[in-house]
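[1] Let me see the structure of the following:
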Amino acid sequence: MTTPERRTAVARLVQLLTVTALLAGLVACAGSGDRHVTVMVPWTAQDEFGAFYSVVEDFEHDTGIQVDVQVTRALTQQLDAAVAADAPPDLAVLPSPAAIAHYARRSAPDLERLDGKTVDPGAYLEPFRGLAQVNGATYAVPVKIDVKSLVWYDTETTDTPRTRSTEALHAFVRQGRLDWCLGLASGPTSGWPGADWIADIVLADAGTQVYASWAAGRLPWTDSAIARAWTRWRDLVGTATLKKASEVGFTEATQAMAAREPGCRLAHGARSALAAALRKEPRFDFVAPAARAPLEVSGDFIGMFTDDNPAARDFVHYLSGARAQQTWVDAAGSAAFSARTDGIVYRNAAQQRIAALLKPASGHPLCFGAADMMSPDTAAAFYRAVLDYADEGGDVTKLMDRLQQVQTSLGAEQVPQGDICSGPG
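    So this is what the prediction gives:
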């Protein structure tokens, strides 16, 4: 079986795992020795999983250590269940800084500290480096990052938008009579595409300080800057498109863009999220915010949940290194970017332009996605509010009051201690 065929077969196989099989596998692997590593990941898409698995294959070849990859669409729920059953994987992907803080701040932390021999925090960009730390100790390492503040379009059917500002996009959409490809349905996290977009508008219109205060729970949802972002999102997308989007899957919407379906010409979001539509590059291109404007970014981190398996530390060290990161971004179909500050080369034009946005020399402050900084309950309420707003419209003031009640009941400080936003240099 060739390597691409093997990756496809493995990807299809692991997607069939049930919760019971997953936990049983983790228990069976516990204490199996230092030549065996279990890792839980959320990457179910073939291209995304295949890119990661190419790194796994290299590691296994170089070290002789076997890596058992457990794939799940409901990572948070299944990881919580495994930890509660005292049968965690050796390693797991943590999709947000809030998740890192959740597992590291307990009285008996579930996450293990990563020492200087395992990772070199100085090798990574901010804010990713600081947000992987709790009380000055490193508990995770960023292995894949992306930029969310992008607008994508089909170069063969759509003129290039002149700028990424909200006002300019309003004019562009009106002039060209173009609609957005937008789907909000996404399983247990339905609503997240809208949450990302609203956060992006807050960041663009109100700036990094207001954005960071809101994401940290210090600025209330009822603040005018937050409420205004919701109405600006509705005005930009259009009421009819928004209502339809509440019932459309996110992947379905990106596929509609690739198929050039009528009324679907623009898309907002990260390259990784739109990978299914962007396979036909260079047909698709993007515009980013103007020079020195802040960017909303995202990242996936790896954390360690067992302390008695040296092979797990070896794998974390390997994943965070320049060689593995280069393999990851080079993999066919990969939409990954590296948080490393050194030695990563990007092969195609779109990758190069996005990677350049992440560098301090670009002048763009980088701000982690707001929902990813909130507690799981607050983020879930945010996503639910997006769906309600899209489907029903209604009074934004009442919606913000409801979200503020949720946040107040949970306490204001819900985010890691690192800076949410990091400026250039």
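
[2] For the stretch 251-400 of the chain, just list every one of the helices.
    Per DSSP state H, counting those that start in this stretch, the stretch 251-400 of the chain carries helices over the ranges 310-320, 322-330, 349-358, 370-373, 376-392, 396-410.

[3] Over to the stretch 1-150 of the chain?
    So, for the stretch 1-150 of the chain - with DSSP H, counting those that start in this stretch - the helices run 3-14, 19-29, 46-63, 75-84, 97-104, 128-131.

[4] about what we covered before: out of the helices of the stretch 251-400 of the chain, which is closest to Cys264?
    Of all the helices of the stretch 251-400 of the chain, the one in closest proximity to Cys264, counting by CB to CB, is helix 376-392 (16.4 Å). (Glycine included, C-beta is placed from N, CA and C.)

[5] what's the angle from that closest one to helix 75-84?
    150 degrees (axes from the mean of the first three to the mean of the last three CA atoms, to 10 degrees).

[6] what about Thr222, which helix or strand?
    According to DSSP states H and E, Thr222 maps onto no helix or strand at all.

[7] That one: what's it in contact with?
    Taking CB atoms under 8 Å, 6 or more residues apart in numbering, we find Thr222 in contact with 397, 400-401, 404.

[8] So which of the residues you listed is the closest to Met374?
    Of the contacts of Thr222, the one sitting nearest to Met374 (CB to CB) turns out to be Gln404, at 12.6 Å.

[9] Excluding covalently adjacent residues, which one is nearest to that closest one?
    Once flanking residues are discounted, Gln404 sits nearest to Trp221: 4.4 Å by CB to CB, 6 or more residues apart in numbering.

[10] That neighbour: how many residues sit nearby?
    Residues near Trp221, counting by other CB atoms under 10 Å, number 23.

[11] Look up phi and psi at it.
    Dihedral pair for Trp221: phi -60, psi -30, per degrees, to the nearest 10.

[12] shouldn't it be in contact with Leu403?
    Yes: taking CB atoms under 8 Å as the definition, Trp221 is a contact partner of Leu403 at 4.3 Å.

[13] So how do I select the buried members of the contacts of Thr222 in PyMOL?
    Typed into PyMOL, the line below selects the buried ones among those, using 16 or more other CB atoms under 10 Å:
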select buried, resi 400
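
[14] now, which of the contacts of Thr222 sits nearest Ala267?
    Met400 (26.7 Å).

[15] distance of that closest one from Arg228?
    10 Å (CB to CB, to the nearest Å).

[16] again, but for Asp285
    Taking CB to CB, one finds Asp285 at 30 Å from Arg228.

[17] Which one's more surrounded, these two?
    Remark: of Asp285 and Arg228, Asp285 carries more neighbours, 19 against 15, as counted by other CB under 10 Å.

[18] pretty sure the more buried one contacts Ala350?
    Yes: contact criterion CB under 8 Å: Asp285 and Ala350 qualify, at 7.1 Å.

[19] Sketch out the strands for the stretch 51-200 of the chain, chain order is fine.
    66-71, 91-94, 133-134, 137-138, 140-147, 151-154 (DSSP state E, counting those that start in this stretch).

[20] Give me the nearest residue to Tyr124, chain neighbours excluded.
    Nearest residue to Tyr124 in three dimensions, chain neighbours excluded: Ala339, at 4.5 Å (CB to CB, 6+ apart).

[21] okay, the most centrally placed residue in the chain: pLDDT?
    For the chain, the residue sitting closest to the mean C-alpha position, by CA atoms, centre = their mean, is Ser298 at 4.4 Å. Confidence at Ser298, expressed as pLDDT, is 95.

[22] before we move on, what about Ala98?
    The per-residue pLDDT reported for Ala98 equals 89.

[23] now do Glu281
    For Glu281, the predicted pLDDT is 56.

[24] Any stretches of this structure with poor pLDDT?
    1-34, 107, 177, 276-282, 332-333, 411-418, 424-425 (pLDDT under 70).

[25] Going by the annotation, which residue ranges form each domain of it?
    Domains of the chain are assigned by automatic domain parsing as 3-146+297-352, 147-294+365-422.

[26] Quick one: closest of the ones you listed to Lys359.
    domain 3-146+297-352 (8.0 Å).

[27] Tell me how far that closest one lies from the chain's centre.
    Averaging C-alpha positions (CA atoms, centre = their mean, to the nearest Å) puts domain 3-146+297-352 14 Å from its chain's average.

[28] can you pull the buried residues of the longest strand seen in the chain?
    For the chain, the longest strand by residue count, based on DSSP state E, is strand 295-304. For strand 295-304, the neighbour count (16+ other CB under 10 Å) marks 295-304 as buried.

[29] Reformat the residues you listed into CSV and put distance to Gly269 next to each item.
    Compiled in CSV, the buried residues of strand 295-304 are given as follows (distance: CB to CB, whole Å):
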residue, distance to Gly269
Leu295, 12
Glu296, 10
Val297, 12
Ser298, 10
Gly299, 15
Asp300, 15
Phe301, 20
Ile302, 23
Gly303, 25
Met304, 30
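
[30] Closest one of those to Arg113?
    Relative to Arg113, the closest of those is Met304; by CB to CB it sits at 8.5 Å.

[31] so what's the closest one up against?
    Taking CB under 8 Å, 6+ apart, one finds 90-91, 111-112, 114, 312-313, 316 in contact with Met304.

[32] Select only the buried ones of those in ChimeraX?
    In ChimeraX, selecting the buried portion of the contacts of Met304, with burial taken from 16+ other CB under 10 Å, looks like this:
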select :90,91,111,112,114,312,313,316
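
[33] Next, the buried residues of stretch 359-371.
    362, 364-371.

[34] Output the residues you listed as TSV; include the columns distance to Glu167.
    TSV is the format used below for the buried residues of stretch 359-371 (distance: CB to CB, whole Å):
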residue	distance to Glu167
Ser362	22
His364	19
Pro365	21
Leu366	23
Cys367	21
Phe368	25
Gly369	23
Ala370	22
Ala371	25
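
[35] out of these, who's nearest Thr72?
    Among the buried residues of stretch 359-371, and counting by CB to CB, the member closest to Thr72 is Ala371, at 20.0 Å.
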